[in-house]
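> Pasted the sequence and its predicted model underneath.
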Amino acid sequence: MDGDQEPLHHLSIHESALPERATQGLLEGLRARRVPGRWLYDSPAQAQLWLEYHRAYAPSSADAAMSALYGEAFAKAAAELGAQGLHAVSLGCGGGWKDAALLTAAGGAGADGGPANRYSPLDLSPALVLEAVGLVRERFPGLPVNPLVADLAAWPNLADWLADPGPHAQPRLFSCFGMLPNFEPVCLAAYLRGQLGPPDRLLLSANLSPGGMGRDGKAILAQYDNPHAMRWYEGALRQLGCVPQDLRLEVTSRTLAGDSEAWRIVVEAEVLRGFTLRLFGAELPFQKGERLELFYSNRFSEGACRALLNCAGLELLQAWRYPAGEEAIFYCRGG
């Protein structure tokens, strides 16, 4: 290889992310009138639309106070785990901005006698994994990186991927940012608990609703009903072969299990004119008036979120809450 060339990025692909699994999941989802979450992020075009939306509306991207809050959480975790180096495991790495900040707090690549860290980013979208790897390697050229493309919705076994090749296992700091809103919360919390060994820790973010759905619903819905978000939703429909004029997007809210302290934003497409999708050898007819669920995002009061962690067997060590109360970071270990 020419000395001036950039090194290749080697990606591991988990079986949950193989094309045949994606195809099967899509057809099953569409028959049940929902679009699997991976189809909103999977292609490079959708990944770019999501990045643009996230940069415009996510508090951690647009608000210095939220960025500072993450900095406090990263400093706490690095101080506890990073003396001899840590293994940063990012579940749902996105574009890697938070991961780069975390690794900065942990001493980066261990240059100048600092701790020797490792970085293992995971996402469903190969484009987002590469975005994260590129950003982190630009800042820390010598950092060992072990990227994986996997579908967390399949609850993959990560033991082989996370096996430590060195003689002394490093403590693992799992981060799971922006994922709790888009998964069934009880299942995700239990899955995360199952990944943690005794020395490991977890940083988990949650979107909060301090006043519950009745008080907060209108303002929060606006974060999901805006031009950036609509371009992202419409892009997912177009790549499935839908014609936007055949559908009307609607953003609504509903409670989870009848509890206004735990509720969900739901994006659905109402069929205005019947059509048939032809995908992977299957024909899927849609009738006028049917609704196709495209996206959802969970919201909790802080109390409801703490109860969720406790139910999953996660011991809360510390929490940081955004001043406006709409986002929090929880630092946990296995109970």
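Nice, thanks for sending it over.
> CA atoms for contacts and neighbours, from now on please.
Fine.
> Could you list the low-confidence segments of the stretch 151-300 of the chain?
Within the stretch 151-300 of the chain, the segments meeting pLDDT under 70 span 165-168, 258-259.
> Quick check: A47 touching D123?
No: using C-alpha atoms under 8 Å, A47 is not in contact with D123; the gap is 11.1 Å.
> which one of those two has more residues nearby?
Taking other C-alpha atoms under 10 Å, A47 and D123 do not tie; D123 has more neighbours (26 against 22).
> For that one, which non-adjacent residue is spatially closest?
G92 (4.6 Å; C-alpha to C-alpha, 6 or more residues apart in numbering).
> The one you found contacts L124, correct?
Yes: using C-alpha under 8 Å, G92 is in contact with L124, at 7.4 Å.
> more neighbours, those two?
In this view G92 and L124 are compared by other C-alpha under 10 Å, and L124 has more residues nearby, 27 against 23.
> Contact partners for the more buried one?
The contact partners of L124, by C-alpha atoms under 8 Å, 6 or more residues apart in numbering, come to 17, 38, 41-42, 92, 149-152.
> Which of the residues you listed scores worst on pLDDT?
Lowest pLDDT among these: D42, with 76.
> Now do the helices in the chain.
19-31, 44-57, 59-62, 64-81, 97-105, 126-139, 159-162, 185-195, 212-221, 227-239, 302-311 (DSSP state H).
> right, so of those, which gets closest to I13?
Nearest to I13 among the helices of the chain is helix 126-139 (9.0 Å), distances taken as C-alpha to C-alpha.
> mean confidence for that closest one?
92.
> what does it contact?
Contact with helix 126-139 is made by 9, 42-44, 47, 93-97, 99-100, 121-123, 143, 145, 147-149, as judged by C-alpha under 8 Å, 6+ apart.
> Okay, buried residues for it please.
Neighbour-count burial for helix 126-139 flags 126-137 (criterion: 16 or more other C-alpha atoms under 10 Å).
> Can you redo these as CSV, where the extra columns are distance to A159?
Formatted as CSV, these follow (distance: C-alpha to C-alpha, whole Å):
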residue, distance to A159
P126, 20
A127, 24
L128, 22
V129, 19
L130, 22
E131, 24
A132, 22
V133, 21
G134, 25
L135, 26
V136, 23
R137, 24
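> Closest one to F74 out of these, please.
Nearest to F74 out of the buried residues of helix 126-139 is V136 (C-alpha to C-alpha; 15.5 Å).
> For that closest one, give its distance to N146.
Distance of V136 to N146, given as C-alpha to C-alpha, to the nearest Å: 12 Å.
> Kindly report the same for E15.
As for E15, its distance to N146 is 16 Å (criterion: C-alpha to C-alpha).
> Looking at those two, which has the bigger crowd around it?
N146 (18 against 14).
> Give me the distance between M230 and L49.
10 Å.
> So for those two, which residue has more residues nearby?
A direct count of neighbours by other C-alpha under 10 Å for M230 and L49 places L49 higher, at 21 against 17.
> Not counting sequence-adjacent ones, nearest residue to the more buried one?
Nearest residue to L49 in three dimensions, chain neighbours excluded: W232, at 5.4 Å (C-alpha to C-alpha, 6+ apart).
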